[in-house]
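Asks: Fold the following.
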Amino acid sequence: MLEPQTASGKALWHFTMSLDGFVAGPAHTMDWMAGLTSRPDLIEEYVATTGAVLGGRDGWDAYPEPGGIYGGAWKGPLFVLTHHPEDATPADGVTFLNCGPAEAVRIGLEAADGKNLEVFSPNIGRQLLGLGLIDEIDLHIAPVLLGDGIRLYDNPGGPPIRLRGVGEGDPFASVDVRFRPVR
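Replies: Next up is the predicted model:
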């Protein structure tokens with residue numbers, strides 16, 4: 001059983017991911033998520049515990065709608081980290097940052113005001129993980145194989161990153177999932 005999310009001022013790398021490790025299809029497509037269900041009250045849990053969101057420019061360019069986070073249920077500061085804020089499409093409630101990822105986390109956590117900063121970018125999350133600035137990785141594994149798209153984590157030639165499970169049981173045990181193809 002997973003522990004409920006808490007608003008404890010952490011940097012939370014959060015995604016729904018396909019079984020083969022993709023968080024978006026090619027060109028950031030998200031249509032593969034249609035029809036997926038989650039445990040009751042999950043969205044409300046994240047709405048209550050999220051104080052700010054940090055995303056990347058590629059994701060922003062694909063989905064420039066700050067009001068769509070958690071189906072529009074979440075309202076708060078959204079930060080987009082980019083090397084070129086001058087040509088980004090502006091929107092109310094969105095701040096474009098041109099700084100290092102560590103500074104972006106500092107700004108985001110300050111804006112989150114004691115709640116969590118959710119990181120919605122594979123690239124930024126990878127960088128923050130390398131800097132030791134990700135407090136937790138929260139994944140929802142979807143029963144779908146995409147085969148192509150944007151991976152949660154790519155680091156060719158880099159060392160493995162060891163993780164510790166949160167919740168009951170052995171924190172170093174593998175997670176067992178079992179699916180059947182839909183026919």
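Asks: what residue ranges in this structure score low on pLDDT?
Replies: 1-2 (pLDDT under 70).
Asks: Tell me how many other residues surround the closest residue to R164 other than its chain neighbours.
Replies: Leaving aside its sequence neighbours, R164 sits nearest to P171 (C-beta to C-beta, 6 or more residues apart in numbering; 4.5 Å). Every residue, glycine included, has its C-beta placed from N, CA and C. Applying other C-beta atoms under 10 Å, we find 10 residues neighbouring P171.
Asks: So what does P171 have for phi and psi?
Replies: The phi and psi values for P171, taken as degrees, to the nearest 10, are phi -70, psi -10.
Asks: right, and it touches R162 too?
Replies: No - P171 is not in contact with R162 according to C-beta atoms under 8 Å; the separation is 10.7 Å.
Asks: quick one: R126 is in a helix?
Replies: Yes - assessed with DSSP: H, G, I helix; E, B strand; the rest coil, R126 lies in a helix.
Asks: contacting residues for it?
Replies: Contacts for R126 (C-beta atoms under 8 Å, 6 or more residues apart in numbering) come out as 153-155.
Asks: Assign a three-state SS to G55, would you?
Replies: G55 carries the three-state label strand when classified by three-state DSSP.
Asks: count of neighbours near the nearest residue to it once chain neighbours are set aside?
Replies: Spatial nearest neighbour of G55, excluding adjacent residues (C-beta to C-beta, 6+ apart): F120 at 4.4 Å. Per other C-beta under 10 Å, the neighbour tally for F120 reads 21.
Asks: got the phi/psi numbers for F120?
Replies: Per degrees, to the nearest 10, the backbone of F120 is at phi -110, psi 50.
Asks: mind checking how far it is from L145?
Replies: 22 Å (C-beta to C-beta, to the nearest Å).
Asks: can you check G108 too?
Replies: Using C-beta to C-beta, G108 is found at 33 Å from L145.
Asks: of the two, who's got more company?
Replies: It is G108, of G108 and L145, that has more neighbours when counted by other C-beta under 10 Å, with 24 against 13.
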